[in-house]
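Student: okay, here's the prediction I keep looking at, along with the sequence it came from:
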Amino acid sequence: MDEMTEVRALRAHVPAPDRARLAPGRTRLTEAARVGRSRRARWLRREFALVGVVAAVTAVAVAATLLVGSSGSRDTVRPAATPDVRYRGVTTAEFLRQAADAVQTQPDGTVPTAKQWIYTKEAQEPPQPVGRTGRFVGPEEKWIRYDGSAMTSRFGDEPLHIMKMHLENGGEGDDRSPREMYRVLAALPTDGRGTLKALREQNAIADDKGSSQARNDYSEISVLLSNPVMPAKGLASLYRALALLPGGKVTGHLVKDAAGRRVIALNWNRGEPSKTGGSMLDQWLIDPQTHRIVGERIVSAHGKVLGGSSLLTTAVVDKPGTRP
């Protein structure tokens, strides 16, 4: 059995995804990234964190996946090109503590209003064929309202189909709106142990009784890391909490993401046995200069990319379908 067949087989025992994940055009392989997170509907899986807010069509300036504390007028994510950076011998805990220190003092932008939309444009990895023709039409564009009441997505010039939702106050099970997640992030303690304690007490995603505490902690942190609105101090708290958990490893050199940019790869063992040997890994792609997440993918034990995406552009707009 090859790795891709195994991913599909593993998905069979997981409950059906919620409506937010079945939005039109959402055909990329990141469905595999939810394999094995039993009964864990991701609060609202990954668009990417945002820093500032602008009205109408004006894009928020952004230097990474998390639109957190940026300045200027650029709307393109551009991780630094630093080919001389090496991370061989750096422990996961050391790296995450350094990353937390780097992001915690970065300024936050204005929080979006409930009726504004978060726009993201992502490169898929590997590229996904769309529609009956099976054509590869490039990146996926997505819009989600900050209050979680609607979303839409498309490839190329496909027509938009607005999907109504009710993510707040438990209206969609474990899923939460970007606004609700922002409130959780903003209230986290600054230290790692305090953050873990707070997340366990809130238990926003019900623990899997068959998994270890560390596994449940990682599942909850990974959801929050994917939030489309990310206060800098909240991101620092998540990094410090993650530094206390087992299962992570930093690749000793920079890797290329789906957009061809050189980024840091933080690998996390999913704890799922693979019939082809070893376990599948979550791979978080991090800007080596800002230490913010610019992509995520799932890889096999042998390093083969099975699915994922990297953020190209993000902005806050007033209407779905509006591009920065």
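Tutor: Structure's in. What do you need?

Student: least confident secondary structure element in this protein?
Tutor: helix 3-11 (a mean of 46; mean pLDDT, DSSP states H and E).

Student: just the CA trace of stretch 115-124, in CSV.
Tutor: What follows is stretch 115-124, C-alpha atoms only, in CSV (Å, rounded to 0.1, in the frame of the first residue of the first chain):
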residue,chain,number,x,y,z
LYS,A,115,-18.9,42.3,9.5
GLN,A,116,-15.5,42.4,7.9
TRP,A,117,-14.0,39.5,5.9
ILE,A,118,-10.6,38.0,6.1
TYR,A,119,-9.1,37.3,2.6
THR,A,120,-6.4,34.7,2.1
LYS,A,121,-4.7,33.3,-1.1
GLU,A,122,-2.8,30.1,-0.7
ALA,A,123,-0.6,28.0,-2.9
GLN,A,124,-1.5,24.3,-2.7
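
Student: what's the average pLDDT for it?
Tutor: For stretch 115-124, the mean per-residue pLDDT is 93.

Student: same check on stretch 240-248?
Tutor: Averaged over stretch 240-248, pLDDT sits at 96.

Student: could we number from 4 for the rest of this?
Tutor: New numbering, starting at 4: the last item is stretch 243-251.

Student: may I see the buried residues of it?
Tutor: Using 16 or more other C-beta atoms under 10 Å as the test for burial, stretch 243-251 gives 243-246, 248, 250-251. Where C-beta positions appear, they are placed from N, C-alpha and C, glycine not excepted.

Student: my guess is residue 260 contacts residue 288. True?
Tutor: Yes. When contacts are counted by C-beta atoms under 8 Å, residue 260 is listed as touching residue 288 (4.9 Å).

Student: pretty sure residue 195 sits against residue 239.
Tutor: No. Residue 195 is not in contact with residue 239 according to C-beta under 8 Å; the separation is 9.7 Å.

Student: more neighbours: which of these two?
Tutor: Counting neighbours by other C-beta atoms under 10 Å for residue 195 and for residue 239 shows that residue 239 has the greater number, 26 against 22.

Student: what touches both of residue 260 and residue 288?
Tutor: Here residue 260 and residue 288 have 266, 297-298, 313 as joint contacts, going by C-beta atoms under 8 Å, 6 or more residues apart in numbering.

Student: between the residues you listed, which is closest to residue 178?
Tutor: Residue 178 lies nearest to residue 298 out of the shared contacts of residue 260 and residue 288, by C-beta to C-beta, at 21.9 Å.

Student: that closest one and residue 194, how far apart?
Tutor: 28 Å (C-beta to C-beta, to the nearest Å).

Student: quick one: the strands in the chain?
Tutor: 120-128, 132-133, 138-139, 143-148, 153-158, 166-167, 251-253, 258-259, 265-276, 282-289, 296-302, 308-320 (DSSP state E).

Student: which strands and helices sit next to the first one?
Tutor: The one in question is strand 120-128. Secondary-structure packing of strand 120-128 (3 or more C-beta pairs under 8 Å, 6 or more residues apart in numbering; DSSP states H and E): strand 143-148, strand 308-320.

Student: can I get these in CSV with mean pLDDT?
Tutor: Formatted as CSV, these follow (pLDDT from 0 to 100):
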stretch, mean pLDDT
strand 143-148, 94
strand 308-320, 90
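
Student: now distance to residue 123 too, for these, in TSV please.
Tutor: Shown next, in TSV, are the helices and strands packed on strand 120-128 (distance: least, C-beta to C-beta, whole Å):
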stretch	distance to residue 123
strand 143-148	5
strand 308-320	5
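
Student: compare those and give me the one nearest residue 157.
Tutor: Of the helices and strands packed on strand 120-128, nearest to residue 157 by C-beta to C-beta is strand 143-148, at 5.7 Å.

Student: partners of that closest one, with directions?
Tutor: strand 120-128 (antiparallel), strand 153-158 (antiparallel) (DSSP bridges).

Student: circling back: what's the most distant pair in the buried residues of stretch 243-251?
Tutor: 243 and 250 (15.9 Å).

Student: that older thread, would you reformat the helices and strands packed on strand 120-128 as CSV and include distance to residue 117 and mean neighbour count?
Tutor: What follows is the helices and strands packed on strand 120-128, written out as CSV (distance: least, C-beta to C-beta, whole Å; neighbours: other C-beta atoms under 10 Å):
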stretch, distance to residue 117, mean neighbour count
strand 143-148, 8, 24
strand 308-320, 12, 24
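
Student: for residue 283, find the nearest of the ones you listed.
Tutor: Of these, nearest to residue 283 by C-beta to C-beta is strand 308-320, at 7.2 Å.

Student: what's the angle from that closest one to strand 282-289?
Tutor: 30 degrees (axes from the mean of the first three to the mean of the last three C-alpha atoms, to 10 degrees).

Student: send the alpha carbons of strand 308-320 over as CSV?
Tutor: Only the C-alpha atoms of strand 308-320 are listed here, as CSV (Å, rounded to 0.1, in the frame of the first residue of the first chain):
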residue,chain,number,x,y,z
VAL,A,308,4.8,15.9,1.0
LEU,A,309,1.3,14.5,1.1
GLY,A,310,-0.6,17.8,1.2
GLY,A,311,-0.6,21.3,2.5
SER,A,312,-0.6,25.0,1.5
SER,A,313,1.4,28.2,1.9
LEU,A,314,0.0,31.7,2.4
LEU,A,315,0.6,34.1,-0.5
THR,A,316,-1.6,37.0,0.3
THR,A,317,-3.9,38.1,3.2
ALA,A,318,-6.0,41.2,3.8
VAL,A,319,-9.1,42.4,5.5
VAL,A,320,-11.9,43.5,3.1
